[in-house]
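*Asks:* Build me a model:
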Amino acid sequence: MTSRIASRGCVPIARSSLRRTLLAPPRRTQLFSQLAASLSGLQPHFDYKYIRNHKDALAINAHNRNIHGINFDVIVEHHQVLADLDHQINQARNQRNDLGRQIGAMKRKQQHVLASPASNTDSNSAPTSAETLVDKARQVREQINELEHRKATIQQALLSETAKVPNTTHPTTPIGAADQARLVKQVKSAAGQGRHPLRDHVELCKMHDLVDFQAGANVVGTSFYYLQREGALLELALVQYAVQMALAHGFSPVLAPDLVRQEVVHGCGFQPRKDEASQTYYVSPFHPTDSTDPADPKIPPPPPSAQPPLCLTATAEIPLAGKFMNQLLPLHQVPQKLVAFGHCFRAEAGAHGADTRGLYRVHQFSKVELFAVVPPQQSDAMLEEIRQLQEAIVTGLGLGYRVLDMPTEELGASAYKKYDIEAWMPGRNAWGEISSASNCTDYQARRLNIRCRSSQGPVEFAHTLNGTACAIPRLIIAILETFQQADGTIPLPKALHPWLHGITQIPGHQPLASQQQ
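*Replies:* Below is the predicted model of the structure:
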């Protein structure tokens, strides 16, 4: 948007009229080019008045979240400078318009005088006056160019600094690191444990040929895998089960893209903290110039792409939020409650040990995601509704779990309040996160321009919420390790039986291949 504003009135077009030459907007092709460029980006709507009036509290909030390096004084100063520049630009534009009117009037007067037979006096004074006005108009135009260039520079610096500011935090959220999480609820599994030596999920997967980690490493790299046999059926059953539960609770199904533009990722708050590596995979429209197969002909190098690289989504929350960007939702279209199945891609590389063993932390996995867009007054209640659905999904599987109110250092930049649900994983002898639910209030909506009309009438920025209905690999771990028997067999939750093609335990009563025949 800034580039389009900065260019208006600054690109001359050859015309017979001097006034139209000085004041004409850019050419149509250039204007369309600038419009396309502006549409490819997003203009955040930050609340600078709130930041100015609460900068000390916001600085404490960022510190509590372990986010550093935000200069709130710079934000306030840059915003004031922009206001001053806007005033100067408007004054200069008014002066330019006034000069244009004077030049136009003088040109018309000159033409009238030249057309008169008796005009032989003062004929030389008009050009001199016109030239003076033209020179002055050029000076004003250059002044506007300079002011708009400075404005664009300051505005970019302001947006970059303000984008670092995290969401505010719910007043009851614990302050500190993960060990400060508040236990909300804990439910034991119906399956007894400790009656026999426990195997972890990696050993169980090898025993029953459920996952091929080696093939994944050969084809892609470490932390990739193939689910197969009952393991593949278990994923498909979990997806169907979670989606059916969400539909029963009023969520509407969506299949979203796995690729999004980078500004949508950033608009959702997925940016690495200072000194942290990006966890995003980028995809460019690149074609190799050489073929590794000698039978293939040489491929000519492609022209350089004008499109920036796309991002593989870390969660379906991102394309679901992007679905509503630059929209004003009328009252009858809110709340929006969506459930989406998608693939998640994360470049995270954790430390060695239990957290990266097997399926627990991988680069690609399947997930069923819950997402909601609501009026501001409904977001607290919607967070509890999402959490209750998540608990119902885990309870239906017969797993032991606990609900945690997560502390400030565990909140993403977008989260105002966040619950984590962890399942007990006997093979790890530890709790493991299987889902989370976050109220992002208007953090994402201000960055993606998602607005709604509330019941009171005024247009407001909507509140967005997200939650995990089913993170497949983590649930597979919990199911295998929780329900394993002494002989290595694994009874499967009854809630999944409708989608397991007659299989009620691992291994099945007969080879899977023969069941399919």
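
*Asks:* so where is the chain shaky, pLDDT-wise?
*Replies:* Counting by pLDDT under 70, the chain shows low-confidence ranges at 1-41, 110-128, 192-197, 272-277, 286-306, 349-354, 454-456, 508-517.

*Asks:* after the lengthiest helix in it comes which helix or strand?
*Replies:* Ranked by residue count and defined by DSSP state H, the top helix of the chain is helix 72-115. Helices and strands here follow DSSP states H and E; after helix 72-115, the next one along the chain is helix 125-162.

*Asks:* Show me what the longest helix of the chain packs onto, helices and strands only.
*Replies:* Secondary structure elements in contact with helix 72-115, counted by 3 or more C-beta pairs under 8 Å, 6 or more residues apart in numbering; DSSP states H and E, are helix 18-23, helix 48-53, helix 55-64, helix 125-162. C-beta: built from backbone N, CA, C; applies to glycine.

*Asks:* Give the buried residues for the longest one.
*Replies:* Residues of helix 125-162 classed as buried: 126, 130, 133-134, 137, 140-141, 143-144, 147-148, 150-151, 154-155, 158, 161-162 (neighbour count, 16 or more other C-beta atoms under 10 Å).

*Asks:* Give me the distance from the next helix or strand along the chain from that helix to the chain's centre.
*Replies:* With elements assigned by DSSP H and E, the helix or strand that comes after helix 125-162 is strand 182-187. Relative to the centre of its chain, strand 182-187 is centred 29 Å away, using C-alpha atoms, centre = their mean, to the nearest Å.

*Asks:* List the strands paired with strand 182-187, with their directions.
*Replies:* strand 401-405 (antiparallel) (DSSP bridges).

*Asks:* Save the helices and strands packed on helix 72-115 as TSV, and put in distance to residue 338 too.
*Replies:* Formatted as TSV, these follow (distance: least, C-beta to C-beta, whole Å):
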stretch	distance to residue 338
helix 18-23	48
helix 48-53	29
helix 55-64	29
helix 125-162	29
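
*Asks:* right, and those - which one's nearest residue 369?
*Replies:* Evaluated over these, closeness to residue 369 peaks at helix 55-64, with 26.9 Å, by C-beta to C-beta.

*Asks:* Mind listing residues that contact that closest one?
*Replies:* By C-beta atoms under 8 Å, 6 or more residues apart in numbering, the residues outside helix 55-64 that reach it are 51, 68, 70, 72-73, 75-76, 165-166, 168-169, 175-176, 408-409.

*Asks:* Try it again at 10 Å.
*Replies:* Applying C-beta atoms under 10 Å, 6 or more residues apart in numbering, the external contacts of helix 55-64 come out as 50-51, 54, 67-73, 75-76, 164-169, 173-176, 407-409, 411, 413.

*Asks:* hey, C-alpha coordinates of it in PDB?
*Replies:* Extracted as PDB, the C-alpha positions of helix 55-64 are listed here (Å, rounded to 0.1, in the frame of the first residue of the first chain):
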ATOM      1  CA  LYS A  55       4.300   0.600  26.600                       C
ATOM      2  CA  ASP A  56       5.700  -0.100  30.100                       C
ATOM      3  CA  ALA A  57       3.100  -2.900  30.700                       C
ATOM      4  CA  LEU A  58       3.800  -4.300  27.300                       C
ATOM      5  CA  ALA A  59       7.500  -4.400  27.900                       C
ATOM      6  CA  ILE A  60       6.900  -6.300  31.100                       C
ATOM      7  CA  ASN A  61       4.600  -8.700  29.200                       C
ATOM      8  CA  ALA A  62       7.300  -9.300  26.600                       C
ATOM      9  CA  HIS A  63       9.900 -10.000  29.300                       C
ATOM     10  CA  ASN A  64       7.600 -12.500  31.000                       C
END
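
*Asks:* How far off centre is it?
*Replies:* Here helix 55-64 shows a centroid-to-chain-centroid distance of 23 Å under the convention C-alpha atoms, centre = their mean.

*Asks:* between that helix and helix 72-115, how big is the angle?
*Replies:* In this structure, helix 55-64 runs at an angle of 130 degrees to helix 72-115, with axes from the mean of the first three to the mean of the last three C-alpha atoms, to 10 degrees as the basis.

*Asks:* Use 5 as the first number from now on
*Replies:* I'll keep to 5 as the first residue from here, and by that count the last item is helix 59-68.

*Asks:* For helix 59-68, buried residues please.
*Replies:* Applying 16+ other C-beta under 10 Å to helix 59-68 flags 59, 62, 63, 65, 66, 68 as buried.

*Asks:* any idea which of those is closest to residue 98?
*Replies:* Out of the buried residues of helix 59-68, the member with the shortest distance to residue 98 (by C-beta to C-beta) is residue 59, at 33.6 Å.

*Asks:* Next one: that closest one from residue 111, what distance?
*Replies:* Residue 59 sits 53 Å away from residue 111, going by C-beta to C-beta, to the nearest Å.

*Asks:* for residue 359, same thing?
*Replies:* Residue 359 sits 77 Å away from residue 111, taking C-beta to C-beta as the criterion.

*Asks:* Which one's more surrounded, the two?
*Replies:* Neighbours were tallied for residue 359 and for residue 111 using other C-beta atoms under 10 Å; the higher tally belongs to residue 111 (15 against 12).

*Asks:* Can you report how many residues lie near the spatially closest residue to residue 399 that is not a sequence neighbour?
*Replies:* For residue 399, the nearest residue in space outside its immediate sequence neighbours is residue 191; the separation is 7.0 Å by C-beta to C-beta, 6 or more residues apart in numbering. Look at residue 191: counted by other C-beta under 10 Å, it has 15 neighbours.

*Asks:* ok, now residue 84?
*Replies:* Counted by other C-beta under 10 Å, the residues lying close to residue 84 total 12.

*Asks:* same check, this time on residue 323
*Replies:* Neighbour count of residue 323, defined by other C-beta under 10 Å: 23.

*Asks:* Residue 367 now?
*Replies:* Summarising burial for residue 367: neighbours were counted as other C-beta under 10 Å, giving 20.

*Asks:* Tell me which residues touch it, please.
*Replies:* With C-beta under 10 Å, 6+ apart as the criterion, the residues that contact residue 367 are 220, 224-229, 283, 285, 316, 348-353.

*Asks:* if I look at residue 452, how far off is residue 496?
*Replies:* According to C-beta to C-beta, residue 452 and residue 496 sit 40 Å apart.

*Asks:* higher neighbour count, these two?
*Replies:* More crowded of residue 452 and residue 496, by other C-beta under 10 Å: residue 452, with 26 against 22.

*Asks:* hang on, isn't that one packed against residue 49?
*Replies:* Yes. Because the distance of 9.4 Å satisfies C-beta atoms under 10 Å, residue 452 is recorded as touching residue 49.

*Asks:* overlap in contacts of these two?
*Replies:* Where contact means C-beta under 10 Å, 6+ apart, the residues bridging residue 452 and residue 49 through contact with each are residue 465.
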